[in-house]
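Asker: sequence first, predicted model second:
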Amino acid sequence: MKAILAAALVGMSGIPFMAPVPVVAQQLFELGAYRLQQGTVIPVGSLNSETPEYFYPDTVYPLEVAVTQSIYDSQGRLVIPAGSRIHGQMEPAPGGSRFVGTSIVIGGRTYSLRASSNIIHDEKDPRQYSGEAIVADAAIGAAAGAVLGALTGGVSVGNVLGGAVAGVVVGNVTAPQVVVLRPGQSFNLTLEAPLNL
């Protein structure tokens, strides 16, 4: 009997000792440990901190945004840290566009997400009525006024100035509608389904 026991102990000596995994460590990676309810609001903003982003409201654009404020669950636990990235797209909506989020990256892991923003209203493209654009429109209008005056028998200051004013007005009126996300601008996403992490 002693010989059998000794042989068993010698045979087990080649098996490495496995310490039990602490319960705390197991809980950190337990899926389904965190849940945000449908209707939770997540503030987000553009990743571009220096220049505006422009979107034509009749077109779909892929877009990545950043969470601007940490989100906590009903028990006060941090679920979505500020700076987390949400992937989705800008989609046409009446009066502008809407951002629809489809996934979120937290701590290097990607989770499915169903969230959308309210309508981000379109506006006349500010690039078309910036100072440079107005000067260009006025110059084109003034040249047209001068040409028209020459064709009708005489170039006058009135023709040139009238053409310049008309050029500015036409440039402003014909500017396309765009949705603009400006640096530092924030908008809210609302969860359309619970988010389990």
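Answerer: Ah, there it is.
Asker: now do the contacts for the residue nearest to P81 when sequence neighbours are not counted.
Answerer: Nearest non-adjacent residue to P81, counting by CB to CB, 6 or more residues apart in numbering: S70, 5.4 Å away. Glycine gets a C-beta too; all of them are placed from N, C-alpha and C. By CB atoms under 8 Å, 6 or more residues apart in numbering, the contact list for S70 reads L78, I80, P81, A82.
Asker: pull out the buried residues from those.
Answerer: By neighbour count, with 16 or more other CB atoms under 10 Å, those hold I80 as buried.
Asker: among the contacts of S70, which one sits closest to E192?
Answerer: I80 (15.7 Å; CB to CB).
Asker: residues contacting the nearest residue to the closest one once chain neighbours are set aside?
Answerer: Excluding its sequence neighbours, the residue lying closest to I80 (CB to CB, 6+ apart) is I71, at 4.0 Å. Listed by CB under 8 Å, 6+ apart, the contact set of I71 reads L36, T40, I42, L78, V79, I80.
Asker: any buried residues in the lengthiest strand in the chain, and which?
Answerer: Of all the segments assigned as strand in the chain under DSSP state E, the longest by residue count is strand 96-106. Going by neighbour count (16+ other CB under 10 Å), the buried part of strand 96-106 is G96, S97, R98, F99, V100, G101, I104, I106.
Asker: can you check stretch 82-91 too?
Answerer: Applying 16+ other CB under 10 Å to stretch 82-91 flags S84, I86, G88, Q89, M90, E91 as buried.
Asker: try stretch 60-67
Answerer: In stretch 60-67, counting by 16+ other CB under 10 Å, buried: L63, V65, A66, V67.
Asker: show me the contact partners of it.
Answerer: Outside stretch 60-67, the residues that reach it (CB under 8 Å, 6+ apart) are 42-47, 55, 80-92, 99, 101, 104.
Asker: try it again at 7 Å.
Answerer: Residues outside stretch 60-67 that contact it (CB atoms under 7 Å, 6 or more residues apart in numbering): 42, 44-47, 55, 80, 82-91, 99.
Asker: from the residues you listed, which land in strands?
Answerer: 42, 44-46, 55, 80, 85-91, 99.
Asker: show me which pair in those residues is furthest apart.
Answerer: Checking these with CB to CB, the most distant pair is F55 and I80, at 24.5 Å.
Asker: tell me how many other residues surround F55.
Answerer: By the criterion of other CB atoms under 10 Å, F55 has 22 neighbours.
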